[in-house]
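> I need the structure of the sequence given here:
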Amino acid sequence: MSLFSALSVSASGLSAQRARAQVLVENLANAETTRTSEGGPYRRKDVVFQSETVGESFGSVLSASLQPAGTGVSVAGIMVDDRPPEKRYIPGHPDADKDGYVAFPKVNPAEDMVDLMGASRSYQANVAAMSAVKDMIQRSIDLLR
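The predicted model follows:
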């Protein structure tokens, strides 16, 4: 794998972890949302990743037949939680049903915070990998001078 392919792999990881972080922050922001425009409480979302071959230039594609290409990651989709909402007895709440129960989203803020820390660390690892590749490219250029 070339150094530029390694940059493409890390860039795909950055993009995927950014999307994951956005969804996790949305979950945290809506942990207590009982009414949405679709009706009912907010539904928790999860990002689904898939592996993909990173795109390269024509010259790299030609040489790819001689050496294996890098495999990156992309967002395959965003799944919406279809579990029934959590019911809490709050009779005075404006969204309470006739029995006094309010439907709340099944969002666990502690779990989502841990997932957000994992996404942040994965993002930082990809940045570090890109910096290492950038340094290798710079040292190669310095050697050719």
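> pretty sure residue 51 belongs to a helix, no?
No. Assigned with DSSP: H, G, I helix; E, B strand; the rest coil, residue 51 falls outside any helix and is strand.
> what bridges to it?
residue 73 (DSSP bridges).
> how about the helices of the chain, start to end?
Counting by DSSP state H, one finds helices in the chain at the ranges 3-29, 58-64, 109-144.
> which stretch in those has the least confidence?
Note on those: helix 58-64 shows the lowest mean pLDDT, a mean of 55.
> And the residue sitting nearest the centre point of the chain, how close does it get to residue 114?
By CA atoms, centre = their mean, the mean C-alpha position of the chain lies nearest to residue 20, the distance being 1.8 Å. Relative to residue 114, residue 20 is positioned 13 Å away (criterion: CB to CB, to the nearest Å). Every C-beta, even on glycine, is put in place using the N, C-alpha and C of the backbone.
> Likewise for residue 143?
From residue 143 across to residue 114, the span is 44 Å (CB to CB).
> The two: which has the busier surroundings?
Neighbours around residue 143 and residue 114, counted as other CB atoms under 10 Å, are more numerous at residue 114. The numbers are 12 against 7.
> For residue 24, see how far away that one is.
Following CB to CB, the distance that separates residue 114 from residue 24 is 10 Å.
> for residue 134, same thing?
With distances taken as CB to CB, residue 134 is found 28 Å from residue 24.
> Comparing these two, which residue is more hemmed in?
More neighbours surround residue 24 than the other of residue 134 and residue 24, with 24 against 12 (other CB under 10 Å).
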